[in-house]
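Student: any chance you could fold what I've pasted below:
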Amino acid sequence: MRSKFLIVTEKHEASAHLRDGGARVISSLLNILGEDADIIQFGDTDGRVELRRMAYPFEHTNRFRRRLLNADWIASQVSAAANGCTDVIFVHASMLFGMTGEMLAGKKIWLMPMFLGTSYRLAGEDPPAEYLEAEKRCLRLAHRIITPSHFEKTQLVSHYEVDANKIKVIPRGVKQIPGIGTARKLSGRLNFCSVGSIKPQKNTLSVIRRFATISERHPGSHLL
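Tutor: Numbering: from 1, shown residues only. This next block holds a predicted model:
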């Protein structure tokens, strides 16, 4: 029997301000799976009706609460869309919150957690206790878990008590940049550019603090 995949996400052809690591994962999955993959996408419509986007029925200013409020509704939509599929891939743990084994009976459940509640807490955010419990439920439900981070694998095993045998670490990787890894002697004014979204989980403050240390050694340095 030929495998047929359903990808559940918020990040397929996302709006410009949402194009992050999750969007890159979706692009990679589509390149690999090709016509064997279908997508069900949740989030804003962005005015593009040709994409199968489904707007959340419940809104909340706290993103953790919003994910919890929409969990059962997401599960019902995914359950219906998964008919005829052999495998379902959830990109982000919250996409799997409302599912039960019965809803996807006979299908292989893949999960790419992306960012867990324990990491949110380390970044200074405060996901509610029920959010962490929902994560534990969905992690138990998944048959296979793929993460780009060895640190996240450690979290999954130590904090969430996930069987290490069902976790695979696949680093996203970067395009090779000439000169990286070679030793250089630096002197005088240095120019740095930090590229990325600015939010607590990215730990931008740590980048700024690290640059402050560098600028003490190299006065006049600049961080963009």
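Student: flag the shaky bits of the protein, pLDDT-wise.
Tutor: 11-22, 44-52, 172-182, 201 (pLDDT under 70).
Student: not counting its neighbours along the chain, what's nearest Ile89?
Tutor: Leaving aside its chain neighbours, Ile89 sits nearest to Trp110 (4.3 Å; criterion: CB to CB, 6 or more residues apart in numbering). For the C-beta atoms, the positions are set from N, CA and C on the backbone; glycine is no exception.
Student: doesn't the one you found lie inside a strand?
Tutor: Yes - counting by DSSP: H, G, I helix; E, B strand; the rest coil, one finds Trp110 located in a strand.
Student: got the contact list for it?
Tutor: By CB atoms under 8 Å, 6 or more residues apart in numbering, Trp110 lies in contact with Asp87, Val88, Ile89, Phe90, Ala142, His143, Arg144, Ile145, Ile146.
Student: show the buried residues in those.
Tutor: Asp87, Val88, Ile89, Phe90, Ala142, Ile145, Ile146 (16 or more other CB atoms under 10 Å).
Student: got JSON lines for the contacts of Trp110, with secondary structure too?
Tutor: Listed next are the contacts of Trp110 as JSON lines, based on three-state DSSP:
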{"residue": "Asp87", "secondary structure": "strand"}
{"residue": "Val88", "secondary structure": "strand"}
{"residue": "Ile89", "secondary structure": "strand"}
{"residue": "Phe90", "secondary structure": "strand"}
{"residue": "Ala142", "secondary structure": "coil"}
{"residue": "His143", "secondary structure": "coil"}
{"residue": "Arg144", "secondary structure": "strand"}
{"residue": "Ile145", "secondary structure": "strand"}
{"residue": "Ile146", "secondary structure": "strand"}
